[in-house]
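Quick one, fold the following:
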Amino acid sequence: MTSITRIKLSTMMFLEFFVWGAWFVTLGTFLGSNLKATELETASVFSTQSFGAIIAPFIIGLIADKYFNAERILGVLHLIGAFLMYQMYHSDNVGAFYPYVLTYMIAFMPTLALVNSVSFRQMTNPEKEFSVIRVWGTIGWIVAGLSISYIFHWDSAQSIGEGLLRNTFMMAGVASLILGIYSFLLPKTPPVKQQDKSSSVSDILGLDAIKLLKNKDFLIFFISSILICIPLAFYYQNANPFLTSVGLDNPTGKMTIGQISEVMFLLLLPVFFSRFGFKKTILVGMLAWAVRYLLFAYGNANELSFMLIIGIALHGICYDFFFVSGQIYTDARAGEKYKSSAQGLVTLATYGVGMLIGFWVAGFVSEYYRGAGTESFWQSVWLVPAGIAGVVALLFVLFFKDRPVPVDAATDKPYGIESERQELTSLP
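So this is what the prediction gives:
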């Protein structure tokens, strides 16, 4: 990879996650404080992310893998997103807000797989090169959060009362417009040419990536991805409102501590891969979710504020060791033909099905404890995802086996050099 290509991909990642972090972190606080949304209305809005993620594999399979350059689709989707952000900025109630955020998420979620596809296609050794590129996405998220708290102060009690938190949508819209235009300058990423031009319906829609689930290990990983995203949804939906309500100063800015730790642990991923393998790396990420929620449950903004800060800081392990590891694991197992479709499939499992269930579970749990008038409301809420994460980690330990030899999950056979070596050594 040339230096120019590395800079282009890094800038792409920075803008991609700046756009997301500029409004999504404070969405729960905005809905409750500015739009007066109930817990279940908040869950409904957050669920739009999952609907977009469920549709994403079809968009990627239909377009990016088959007919059009991935970077061009990325540009078009972000230009559409800029317009929708402007409409969300002007919405003054949940009913008006919902159609725009739903349409936006359908446009945005496929871009998470597209930026990965554009990046992986330029790399010869993703396990070593991807982390260095992906870390700029984390930096983009950090810059967005710090801007909200320490430059514009939109998340202060006074600004929230004045309705200034809606400015996050305008900031995200401007960044989306810039990325939409910039995407057309990215390295060309045409669809992979196939010898067989005849395509079934499942092939056109990218559903061939489902063949990866025939591999038992990949299936266990896929199911675990769905389940671990239930506690993840609690964090996205409740963390900022929780930190705001308990009185932690500059909550959005302090939440960037999680992304700062993400930068560090992202750069450590190659070391963990080589020394401990995928299974132990992913398992550590799962256990970190349980520990984080226990810290949230028993910490406070006063003498135990350090527990909240540590819980936030664990985000680097929580996210990198499971989700980024999963992206690399998927790329290694998919084979050349299904790379984009496979990334879309993982998006379906994580940000789609798992978080759709998680957002509604979080909504019902919060609604239940709030309606019950529980004094330790937030403690009760956080203990639920802590228990779920612990159970998922246990199931993963029991059923997932990490095989060091690269395997094409669609055929459950080794590919590349290892395939040739195994075939030669198996000859009589």
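
which non-adjacent residue is nearest residue 319?
Of all residues not flanking residue 319 in the chain, residue 262 sits nearest, at 5.7 Å (CB to CB, 6 or more residues apart in numbering). No exception for glycine: its C-beta is placed from N, CA and C like everyone else's.

Distance of that neighbour relative to residue 375?
34 Å (CB to CB, to the nearest Å).

next one: residue 239
Distance from residue 239 to residue 375, by CB to CB: 21 Å.

Residue 176 sits in which helix or strand?
helix 167-182 (DSSP states H and E).

What mean pLDDT does that helix get?
Taken as a whole, helix 167-182 has an average pLDDT of 98.

What pLDDT is listed against the residue nearest to residue 319?
With respect to pLDDT, residue 262 has a value of 81.

right, and it touches residue 137 too?
No. In this structure, residue 262 is not within contact of residue 137 by CB atoms under 8 Å, at 9.3 Å.

residues contacting residue 105?
By CB atoms under 8 Å, 6 or more residues apart in numbering, residue 105 lies in contact with 48-49, 51-53.

Which helix or which strand is home to the closest residue to it other than its chain neighbours?
Leaving out its chain neighbours, the residue that sits closest to residue 105 by CB to CB, 6+ apart is residue 52, at 3.4 Å. Assigned by DSSP H and E, residue 52 belongs to helix 39-59.

Would you mark the buried spots in whatever helix or strand comes next after that helix?
Next in sequence after helix 39-59, counting helices and strands by DSSP H and E, comes helix 70-90. For helix 70-90, the neighbour count (16 or more other CB atoms under 10 Å) marks 70-75, 77-89 as buried.

what's the angle between the following helix or strand past helix 70-90 and helix 167-182?
As assigned by DSSP H and E, the chain's next helix or strand after helix 70-90 is helix 94-120. Orientation check (axes from the mean of the first three to the mean of the last three CA atoms, to 10 degrees): helix 94-120 against helix 167-182 gives 40 degrees.

average pLDDT across helix 94-120?
Averaging pLDDT along helix 94-120 yields 93.

And the next helix or strand along the chain from it, what does it pack against?
Once the chain leaves helix 94-120, the next helix or strand it forms, by DSSP H and E, is helix 126-146. Here helix 126-146 touches helix 3-21, helix 94-120, helix 251-298, helix 325-334, going by 3 or more CB pairs under 8 Å, 6 or more residues apart in numbering; DSSP states H and E.

switch to 6 Å and redo it
Contacts defined by 3 or more CB pairs under 6 Å, 6 or more residues apart in numbering; DSSP states H and E place helix 126-146 against helix 3-21, helix 251-298.

If I average pLDDT within each of the ones you listed, which one is lowest?
helix 251-298 (a mean of 89).

tell me the average confidence for stretch 211-223?
The average pLDDT for stretch 211-223 rounds to 86.
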